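A.B. asks: need coordinates for the below:
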Amino acid sequence: MKYDTVVIGGGPAGLAAAIKASDSGASVLLIEREARLGGILKQCVHDGFGVVRFGEKLSGPEYADRFIKELKRTNVQVSLLSFVTRTQKSQNGYEITYVCRDGVKTVDCRSVVLATGCRERTRNGICVHGDRCAGVYTAGAAQNLVNVLGVMPGKRVVVLGSGDIGLIMARRLTLEGAKVAGVYEAKSVPSGLTRNIHQCLKDFDIPLYLSKTVTRVFGTSRLERVEISDVDEKMHPIAGTEQLVDCDCLVLAVGLIPENEIAREMSVPLDPKTKGAYVDQNCQTKEDGIYACGNALHVNDLVDYVSESGETAGVHSAGPVCKRDLKPIKTDGKLLYVVPQMLDVNSDVSKVVMYFRASEELSAQKLTVSAGGQTIFTKTYNKLLPPEMERIVVDFGKATTDGITVRLEDK
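C.D. replies: Next up is the predicted model:
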């Protein structure tokens, strides 16, 4: 079988990419490993999705449903309960092998869109010592238990990590009758959005403890208590500060990692800052014909931007693979990262969408984008926080595209 584009992943980024690629005239195969489309949105019953894109607050399933309905009007072929096992270059593009309900299949395609999302860090990933007992869950697993399966993971809960999903699960478990003893964060500042700090913790009188982490768990068959320790500036536990907190459930919200095993297999270079691929403004990686979008590219804080990058990848993956002239985009130390990391000057550079995060909490900053020694874009910010991703649109059309630099400086 042959397709113009194969999209791997049926979450919000994959759905948007498949729809746009099909609308652009490409024959598209969408491969999804779960039984239903929608990705993580299927279990996100809280609202707040679609504010930027649709101008209204939708739940996760409602947001996904709009794209699924749009997908049905296209000619996209969908393969559910399918798992990609091998990817390799072929004479005319790429060869994708996957396992599905009908057995093992191999398809040829001109371009590949990686919309594989991200995975959660586990207990082993952050070196929490102690007994191997039941009751320790990642935030996503706990969310699936409560929202999809209707099962409570525990009655007295400790949440480690103040990322958005950790804050949301603290509120969700409280609403279902659990007692959340507290949300503990190893950093000196919260990791989640400011609005979630207020709506999920302060509105429900859930305590937030900063510069503290879980260092050990105790329990025979079931979790009974956890050990909490203070941490220093380098987030190392401080001896002598240990205290025990009784609980039967520990929810870990300690970060997301872009899922890029397929990218590694296809020899796609990855950015150590984002853990995703290096891409140009069209979401094309350094490997011609391979595109990355959504949380597989970098962890977004709004699903609207996940869909936006998916559409960008979908549109350009539908066209022919053209010769590129890539110019690197440099950043300064105040920026955690900038996406895209390079600019294809042989493509349209008039409306380049750029996403960035600050490396630390900053006040009264001016963002400057320069090219060829000339400033082409500036924007001021009263406050920048690492958990809050920013989006800008830059016109490089009239600029010399050598020496592109993005930097933050005091106003």
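A.B. asks: stretch 317-324: end-to-end distance?
C.D. replies: Using Cα to Cα, to the nearest Å, the end-to-end distance of stretch 317-324 comes to 14 Å.
A.B. asks: from the chain's centroid, how far away is it?
C.D. replies: How far stretch 317-324 lies from its chain's middle: 26 Å, per Cα atoms, centre = their mean, to the nearest Å.
A.B. asks: what's that stretch in contact with?
C.D. replies: 4-5, 17, 20-22, 24-26, 93, 110-113, 280, 284, 288-289, 291, 344, 346-347 (Cβ atoms under 8 Å, 6 or more residues apart in numbering). Where C-beta positions appear, they are placed from N, C-alpha and C, glycine not excepted.
A.B. asks: now swap in stretch 175-185 and tell me
C.D. replies: With contacts defined as Cβ under 8 Å, 6+ apart, stretch 175-185 is touched by 146, 152, 154-162, 166-167, 170, 173-174, 191, 201, 206-214, 228, 245-247, 249.
A.B. asks: one more time with 6 Å
C.D. replies: With contact meaning Cβ atoms under 6 Å, 6 or more residues apart in numbering, stretch 175-185 is reached by 155-160, 162, 170, 173-174, 206-210, 212, 245, 247.
A.B. asks: check stretch 122-136 too.
C.D. replies: Gly154, Val214, Arg216, Val217, Phe218, Gly219, Arg222, Leu223, Asp248, Cys249, Leu250, Val254.
A.B. asks: among those, which are in helices?
C.D. replies: The helices, defined by DSSP state H, take in nothing from those.
A.B. asks: what's the farthest-apart pair in those?
C.D. replies: Distance extremes for those: the farthest pair is Arg222 and Val254 at 21.5 Å, using Cβ to Cβ.
A.B. asks: any idea which helix is longest in the protein?
C.D. replies: The chain, longest helix under DSSP H: helix 303-317.
A.B. asks: distance from the chain centre to that one, please.
C.D. replies: 13 Å.
A.B. asks: what pairs with the next helix or strand after that helix, parallel or antiparallel?
C.D. replies: Downstream of helix 303-317, the next assigned helix or strand under DSSP states H and E is strand 326-331. When pairing is defined by DSSP bridges, strand 326-331 lines up against strand 342-344 (antiparallel), strand 404-410 (parallel).
A.B. asks: among these, which is the most enclosed?
C.D. replies: A comparison of the strands paired with strand 326-331 by mean neighbour count, using mean count of other Cβ atoms under 10 Å, puts strand 342-344 on top with a mean of 21.
A.B. asks: in the lowest-mean-pLDDT helix or strand in the chain, which residues are buried?
C.D. replies: Every helix and strand in the chain was compared by mean pLDDT, DSSP states H and E; the lowest is helix 194-196, with a mean of 87. Within helix 194-196, the residues that count as buried by 16 or more other Cβ atoms under 10 Å are Asn196.
A.B. asks: what sits up against it?
C.D. replies: The contact list for helix 194-196, computed with Cβ under 6 Å, 6+ apart, reads Asp164, Leu167.
A.B. asks: for Arg36, which non-adjacent residue is spatially closest?
C.D. replies: Lys42 (6.3 Å; Cβ to Cβ, 6 or more residues apart in numbering).
A.B. asks: so how many other residues sit close to Ala364?
C.D. replies: 11 (other Cβ atoms under 10 Å).
A.B. asks: please apply the same query to the one 3 residues further on.
C.D. replies: Using other Cβ under 10 Å, Leu367 has 22 neighbouring residues.
A.B. asks: that's a strand at it, yeah?
C.D. replies: Yes: according to DSSP: H, G, I helix; E, B strand; the rest coil, Leu367 belongs to a strand.
A.B. asks: element containing the closest residue to it other than its chain neighbours?
C.D. replies: Leaving aside its sequence neighbours, Leu367 sits nearest to Lys379 (Cβ to Cβ, 6+ apart; 4.9 Å). Element membership for Lys379 (DSSP H and E) is strand 374-384.
A.B. asks: likewise for Val99?
C.D. replies: According to DSSP H and E, Val99 maps onto strand 93-100.
A.B. asks: buried stuff in that strand?
C.D. replies: Buried-residue list, strand 93-100, by 16+ other Cβ under 10 Å: Gly93, Tyr94, Glu95, Ile96, Tyr98.
A.B. asks: just stretch 380-387 next, same as before
C.D. replies: Buried-residue list, stretch 380-387, by 16+ other Cβ under 10 Å: Tyr381, Leu384, Leu385, Pro387.
A.B. asks: is the last one in contact with Val189, as I believe?
C.D. replies: No: applying Cβ atoms under 6 Å as the test, Pro387 and Val189 come out as separate, 8.5 Å apart.
A.B. asks: burial check on Ser188, number of neighbours?
C.D. replies: Neighbours of Ser188 (other Cβ under 10 Å): 11.
A.B. asks: ok, which stretches of the stretch 101-250 of the chain are strands?
C.D. replies: Along the stretch 101-250 of the chain, the stretches classed as strands by DSSP state E, counting those that start in this stretch are 103-114, 118-120, 129-130, 136-138, 156-160, 179-185, 208-210, 212-219, 223-230, 243-246, 249-252.
A.B. asks: run through the neighbouring helices and strands of the helix or strand following the last one.
C.D. replies: This means strand 249-252. With elements assigned by DSSP H and E, the helix or strand that comes after strand 249-252 is strand 256-258. For strand 256-258, the packing partners by 3 or more Cβ pairs under 6 Å, 6 or more residues apart in numbering; DSSP states H and E come out as strand 118-120.
A.B. asks: partners of the strand it packs on, with directions?
C.D. replies: Short version: by DSSP bridges, strand 118-120 pairs with strand 256-258 (antiparallel).
A.B. asks: all good on my end, thank you.
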